[in-house]
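1. I'd like to go over a predicted model; first the sequence, then the structure.
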Amino acid sequence: MRADLALAWRLARREMRGGLAGFRIFLLCIAIGVAAIAAVHSVSMAVQAGIARDARALHGGDLAVRATYVPADGVARADFAALGRVSEVVEMRAMARGGGDAALVELKAVDGAYPLVGDIRLSGGMALEDALADGGAVVEPLLLERLGLAVGDRVEIGGGSFTVRATLEREPDRAVGLFSFGPRFMVDMEGLGRTGLVQPGSLVRYKYRIALDDPGRTVAELRRLAGGYADRGWRVTGIGSAAPGLRQTIRRLTLFMTLVGLAASIIGGIGVANAVRAHLASRRPAIATLGCLGATTRLIGLTFGLQIAAMTVLAILAGLAAGAAAPFLFVGLLETYLPVDLALGLYPGPLVLAAAFGALTSAVFSLPPLAAAARRPPVALFRDVEAAGGERAGLAAILAAAGLAVLLAVLAVATAPDRILALWFVAGTLAAYGIFFAAATATVRLARHFRSAGPGALRRALAALARPGGETGGLLLSLGFGVTVLVAVASVEEGLSRQLREEIPAGAPTHFFIDIQPDQAERFDAVIAGTPGAVLDRRTPHLRARIASIDGVPAAEAQVPENARWAIRGERGLTWSAEQPEGAEIVAGNWWPADYSGPPLVSFDANLAHAFGLEPGDRIAFNILGRTVEAEIANLRRIAWRTLRMQFTTIFAPGTLDRAPQTYIATVRAPPEAETGLTAAMAAALPNVSAIRVKDALALVTELVAQMGIAIRLVAAVGLAAGLAVLAGAIAAGRRRRQRDAVVFKVLGATRADLVRSYMLEFAMLGGVAALLGSFLGLAAGYVLLEEVMDIAWTAPVATAAATALAAIAVTALFGFLGTWRVLGQPAAPALREP
Amino acid sequence: MELEGVHLTLVSAAGPVNVLRGIDLAAVPGETLAVVGPSGSGKTSTLLVAAGLERATQGRVAVAGQDLGGMSEDELAMLRRERVGIVFQSFHLMATMTALENVAVPLELAGRRDALDRARACLEAVGLGARTGHYPGELSGGEQQRVAIARAFGPSPAAIFADEPTGNLDGETGRRALDALFGLAADGGTTLILVTHDPGLAARCARQVRIEDGRIAS
């Protein structure tokens, strides 16, 4: 075996003296896939390592206790102080007024100890203490932009008036998520008191950050604190859970981009197979000669297998280099979008994973053509075996390739954070492969059947398509997959943007108002009534609650699928109501009578209930303001989230929450000309009531989606690059054959125009089949992604799909034309003199 | 080498073609035998069957005392690397290997440690001792054929099969290649079976066999 290997390696090295030109497409295809996966994972690691490195600062301390509505009492504060240094931060939403306008802000009051960990940086290098003293405030530049103000101007919040002393350049604990409704407005505790906004029932968050004297106590203290205060609904976290929202977002983005990277690898894989087949075809005489001289099939396979392995290693190294460099190249761009600094470095994990994907892809796609070529009988030197259908890989090689493909799929699924989605991706890819393969076979059969029909150019084109051992299959697969990816990405992008820009349903509210105190309800309604054109859509009680247990099982221990975990992760809003909300569809159970007053009942979201395994009659408990309330599920509702109206997953029956501290939340419709006036009037009349303009919120989401769109397009471009490389490779593979044919045609009197016509026809027909199927599959993939994964309405993006399909046909014909133009210019004589 | 009642039927798109229809042919060790006949008569097919490159549809084929009928493709390959040499009309040298490496291939396949030394000696024997480091592209047609002859003789085979060995060469060049071929065969006591339609070449062999329409005619 070792002697065989040594001999094979010697033969392989001699064989490679011919140069690597034939391997260019092969190298490109493997390297693109490896680079995409390595880059996505390296960037993801750099972000996560950045979070981990700055976790203490992002978290605000070693331990954090978060209480909602009610601050910690003296006993609890003494407990905290016994552990180490403590800093208290109070956060809420508020309306800031100034420059004749009003804007929603994220108000944050800090004590003298803030920040416990990390540094805060203000414009002009001002110290935080100086900036906040004597009615000072520090704001994010965005607020000044929105209100048209500058540093030094005054801004009112509630009953307090503040001077903006500096803008916030860096807030160490800001990275809670990518998404916030308003810019930061930071004051001191005295300033918060002057606003008068801290009212019973208003949504205020008290955060106590503790820098432990003895960090070794963390785990034990965490448990004790959690045990001691869990019944109050407080959340106690350690630095391990810093920036959970951001981590989640990064994980999901990584998954999506990895899948696109894998798609690029698979498209590239077709290029690998084509390139290996073309290379081995050019080595046919050598292979047959080796056979005549007594080389076994095994030795021939080993010789060319070692060549391919060497090329794979080269391609993987190139891909890894590009992938590992990605975080360094994109650090500037990424840090403008992400609230953390990247921890730049070389991460071996992603590189090993990308290398494994590259090696497996190469093996899966190289093995069948390699095994087929090694079986080439030596008698082929004397007789054209290819005309009889060529060689086929043996069963063992096909089984081995299938086994490796399964391994590739297992690796893709096992390393994905969302295995179900990854599994769907694998299944979809296999199905697409099968469909394209069947289409290729059908195209060849049809071409064979109709080859004697029509004018000369068409006949020649059909004959070329039907030719045994031709490149029809490879071209169809690569082109079709490319079109599929493009149309799917276009579908998703179009669906997202349409959802955001155009499809605000008729009758959707224009404003959300939150934190309306019960005693302000009448004045609130009066302000709406006093604004011409404004209509109160709905005003409903609002409480915050966390799911405590699901049918008796504590929420933390309940088996909840990944896509429903958001519902148990933190506090969610809920309401109570006697009447069934307008437009809600009851799918199980019954709505309670309007005058119900009995044991607690709830109406629950049907989708969540399905995920939790709940049915009417089951029980679910909520932690509301530190009190646990268990209720029986009376009915399940299907919620139409897309209407943009106020929706609650949980609605209590009357009688349970009526006397709990609560606020109102309201939706209002106002004509465009009244929008600014309404916000300003409400801010003046009820300074504690926050207004969220639907338009602003949508603009924010649109911007976020646009940012993600850059990433999606970037990766789609990688897929496209892989597809084009494959296309170019497949056409190059057929060039020799075309050259020979062209010479014979010319000898027989064909003009260049004749040949161009038939080549273009051939490629246009291939492009047509690929574009048609690819568009169809891309639309189907877009449908699944939008409707099933993202819950966004799908409509066929016909124009985009048609444009993509036409472009694919044009590009194929153009590539075919460019690839054969050189052939046409060559004189016939030298080719005829060749043996 | 022995062929007994050998039939060869090839399947083509137009239906089966009976290429050989009962060939009986034997050559004793050291004999030189020319197979002649018109184009398409089955000369080359006879050679392919005898060299184990094509399986007879019917009949018995033995080379160097071994029956080829029951051997697998790989066993046939191993037989070729040790006992059978083949010389092609169009040489079939590896373009990426030097003359020396080309000659060494069957020796290396047979696992011989002295592959390169033996290859050098063979090249010297055909008068190419000065051109061992040249690639096929740097050699003339006649030189290429002499490299191919050296390659065939490298492992000291029991039999050499040559298919129109001078078909691509002009008179003088062809003659020098043939001198090398016959010289080496005589030196090693190797059986030489060559297919040709050149009467001059056939006359250099001790015996001639004529094949017409898949049968031995004389």
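-> Ah, there it is.
2. Could you use CA atoms for every contact and neighbour count after this?
-> Fine.
3. which residues in chain B form strands?
-> For chain B, strands defined by DSSP state E occupy the ranges B:2-12, B:15-26, B:32-36, B:58-63, B:66-67, B:84-87, B:159-163, B:191-195, B:207-212, B:215-216.
4. and those strands, which is most packed in?
-> Comparing the strands of chain B by mean neighbour count (mean count of other C-alpha atoms under 10 Å in any protein chain shown), strand B:84-87 comes out on top with a mean of 28.
5. about what we covered before: want to throw the strands of chain B into JSON lines with mean pLDDT?
-> JSON lines is the format used below for those (pLDDT from 0 to 100):
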{"stretch": "strand B:2-12", "mean pLDDT": "89"}
{"stretch": "strand B:15-26", "mean pLDDT": "90"}
{"stretch": "strand B:32-36", "mean pLDDT": "94"}
{"stretch": "strand B:58-63", "mean pLDDT": "92"}
{"stretch": "strand B:66-67", "mean pLDDT": "90"}
{"stretch": "strand B:84-87", "mean pLDDT": "89"}
{"stretch": "strand B:159-163", "mean pLDDT": "92"}
{"stretch": "strand B:191-195", "mean pLDDT": "93"}
{"stretch": "strand B:207-212", "mean pLDDT": "94"}
{"stretch": "strand B:215-216", "mean pLDDT": "92"}
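6. Using JSON lines, lay out these together with distance to residue A:71.
-> Formatted as JSON lines, the strands of chain B follow (distance: least, C-alpha to C-alpha, whole Å):
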{"stretch": "strand B:2-12", "distance to residue A:71": "92"}
{"stretch": "strand B:15-26", "distance to residue A:71": "94"}
{"stretch": "strand B:32-36", "distance to residue A:71": "108"}
{"stretch": "strand B:58-63", "distance to residue A:71": "99"}
{"stretch": "strand B:66-67", "distance to residue A:71": "98"}
{"stretch": "strand B:84-87", "distance to residue A:71": "96"}
{"stretch": "strand B:159-163", "distance to residue A:71": "100"}
{"stretch": "strand B:191-195", "distance to residue A:71": "105"}
{"stretch": "strand B:207-212", "distance to residue A:71": "110"}
{"stretch": "strand B:215-216", "distance to residue A:71": "109"}
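7. nearest to residue A:584, of the ones you listed?
-> Closest approach to residue A:584 among the strands of chain B (C-alpha to C-alpha): strand B:2-12, 72.2 Å.
8. Kindly state the beta-bridge partners for the residue most central in space within chain B.
-> Centrality entry for chain B: nearest residue to the mean C-alpha point is residue B:161, 2.2 Å, by C-alpha atoms, centre = their mean. Going by DSSP bridges, residue B:161 is paired in beta bridges with residue B:86, residue B:193.
9. got the contact list for it?
-> The contact partners of residue B:161, taken as C-alpha atoms under 8 Å, 6 or more residues apart in numbering or on different chains, are B:47, B:51, B:84, B:85, B:86, B:87, B:192, B:193, B:194, B:195.
10. ok, the third one to chain A distance?
-> To tie it back to what came earlier, the one meant is residue B:84. 8 Å (C-alpha to the nearest C-alpha, to the nearest Å).
11. May I have the residues that are in contact with residue A:552?
-> Residue A:552 touches A:619, A:620, A:621, counting by C-alpha under 8 Å, 6+ apart.
12. Enumerate every residue touching the last one.
-> The contact partners of residue A:621, by C-alpha under 8 Å, 6+ apart, come to A:547, A:548, A:549, A:550, A:551, A:552, A:628, A:629, A:630, A:631.
13. Shouldn't it be within a helix?
-> No: remark: residue A:621 does not belong to a helix; assigned using DSSP: H, G, I helix; E, B strand; the rest coil, it is strand.
14. From residue A:35, how far out is the residue lying closest to it once chain neighbours are set aside?
-> Leaving aside its chain neighbours, residue A:621 sits nearest to residue A:630 (3.9 Å; criterion: C-alpha to C-alpha, 6 or more residues apart in numbering or on different chains). In this view, residue A:630 and residue A:35 are 52 Å apart by C-alpha to C-alpha, to the nearest Å.
15. Of these two, which one has the most company?
-> residue A:35 (30 against 21; other C-alpha atoms under 10 Å in any protein chain shown).
16. Now that one: which helix or strand?
-> Element membership of residue A:35 [criterion: DSSP states H and E] is helix A:24-53.
17. And for residue A:350?
-> helix A:348-374.
18. Please work out which residues outside the helix or strand following that helix touch it.
-> Downstream of helix A:348-374, the first helix or strand assigned by DSSP H and E is helix A:395-414. Helix A:395-414 has contacts (C-alpha under 8 Å, 6+ apart) with A:357, A:360-361, A:363-365, A:367-368, A:371, A:419-420, A:422-423, A:426.
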